[in-house]
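Engineer: I would like to see how this sequence folds:
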Amino acid sequence: MMAKEPIVVAIDGYSSCGKSTTARALAHRLNFVYADSGALYRAVTLFFLRKKVNFSDLGEVNHALHNIQLDLRPIDGDLQVWLNGEDVTSEIRQMYVSDAVSEVAAIKAVREELLKVQQEMASQKSLVMDGRDIGTTVFPHAQLKIFMTADPKVRAQRRYKELTEKGEHTTYEEVFANLAHRDLIDTTRKESPLVQAQDAIVVDNTHLSKGEQLDLILGMVRAIIKSAENHGFA
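Structural biologist: Sure thing, here's the model as predicted:
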């Protein structure tokens, strides 16, 4: 299914709500482009950590940003993240990157730089993008805005399970504390904080399976496409 006029689906919400998993599956079912904004911020964070950039030093931050080349590559239904020619898809998901990503994402210069990258992705093709400020800042005129949430304990358990299955050594308590810390920074930062867009539809997936959540949002997108077809826009 592909609309003739580009459609943007913006999915915002808290960490470990399944935003990326849902957005990826949704894009696949609809033949839309999938873009994980969080992966971009994680890649920048990884570069900053490797180069020991002082997050509070604007000069260091700007210098580092000028030396970063990011590339999101859809490969066999998954999204590979390349940083300066290196596949960092797995490394950006490690806890030491998670511990710092919200601080990096709160930096104005970083957000301004990645805003341009994100908006360029939706120039000609229908797109599903997930993040923290997609429906409020990146694509404020998106045809569909979803705000995803879930019980914090459930989110922590999901993330803990994901990490342990990948072989990473951590505890549930560490994961829960990390998510709480990221929530605090994401919702209180000065630059584009995590807030629900006024016209966003809230999806609480605490008690929803991945399939149920996907079907729910898929139905919303199909309704938009059908409406556009009836009005001669698609």
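Engineer: Please count neighbours and contacts with C-alpha atoms only from this point.
Structural biologist: OK.
Engineer: The lowest-mean-pLDDT helix or strand in the chain pairs with which strands, parallel or anti?
Structural biologist: Every helix and strand of the chain was ranked by mean pLDDT, DSSP states H and E. The lowest is strand 70-75, at a mean of 83. The pairing partners recorded for strand 70-75 under DSSP bridges are strand 78-83 (antiparallel).
Engineer: thought T171 was touching Y160?
Structural biologist: Yes. Applying CA atoms under 8 Å, one finds T171 in contact with Y160, separated by 7.1 Å.
Engineer: Which one of these two is surrounded by more residues?
Structural biologist: Counted by other CA atoms under 10 Å, T171 and Y160 do not tie: Y160 has more neighbours, with 22 against 14.
Engineer: Excluding chain neighbours, give the residue nearest to that one in space.
Structural biologist: Y172 (5.7 Å; CA to CA, 6 or more residues apart in numbering).
Engineer: What is the burial count for that neighbour?
Structural biologist: 17.
Engineer: Which residues are in contact with it?
Structural biologist: Listed by CA atoms under 8 Å, 6 or more residues apart in numbering, the contact set of Y172 reads 156-157, 160.
Engineer: tell me which of those residues is nearest to R93?
Structural biologist: Among those, Y160 lies closest to R93 (CA to CA), at 12.3 Å.
Engineer: Can you tell me how far the closest one is from S37?
Structural biologist: 22 Å (CA to CA, to the nearest Å).
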